[in-house]
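Student: sequence? don't have it. structure:
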């Protein structure tokens, strides 16, 4: 049972991210899609296809939204 408890702790500690917007690294287009839906046991990396320029590859650009900038501004104002 000790091993199972360790596994549970690992899963609890994993940070879940919200889905991010992805863009083509070649032309910066947001029209990039998964080229293949099948991965062999999750071992093969995901392949993406850009509808704008025809890029095919495993690398994409991700845009992460900033954390609540209002909360950060309020903290700065209260510290001053």
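Tutor: Sure thing, it's come through. None of the values given here were measured: they were computed from a predicted structure.

Student: how about residue 4, secondary structure?
Tutor: Here residue 4 is recorded as helix under DSSP: H, G, I helix; E, B strand; the rest coil.

Student: ok, now the one 4 residues further on?
Tutor: Local secondary structure at residue 8 is given as helix here, using three-state DSSP.

Student: check the gap between it and residue 30 for me.
Tutor: 38 Å (Cβ to Cβ, to the nearest Å). Where C-beta positions appear, they are placed from N, C-alpha and C, glycine not excepted.

Student: same question, residue 23
Tutor: For residue 23 relative to residue 30 (Cβ to Cβ), the value is 5 Å.

Student: neighbour count for these two, which is higher?
Tutor: Counted by other Cβ atoms under 10 Å, residue 23 and residue 30 do not tie: residue 23 has more neighbours, with 17 against 13.

Student: and the nearest residue to that one once chain neighbours are set aside, how many neighbours?
Tutor: Nearest non-adjacent residue to residue 23, counting by Cβ to Cβ, 6 or more residues apart in numbering: residue 61, 4.4 Å away. Residue 61: 14 surrounding residues under other Cβ under 10 Å.

Student: now residue 61: phi and psi?
Tutor: Per-residue torsions, residue 61: phi -90, psi 140 (degrees, to the nearest 10).

Student: please tell me I have it right and it contacts residue 20.
Tutor: No - using Cβ atoms under 8 Å, residue 61 makes no contact with residue 20, being 9.6 Å away.

Student: overlap of the contact sets of those two?
Tutor: Between them, residue 61 and residue 20 share no contacting residue under Cβ atoms under 8 Å, 6 or more residues apart in numbering.
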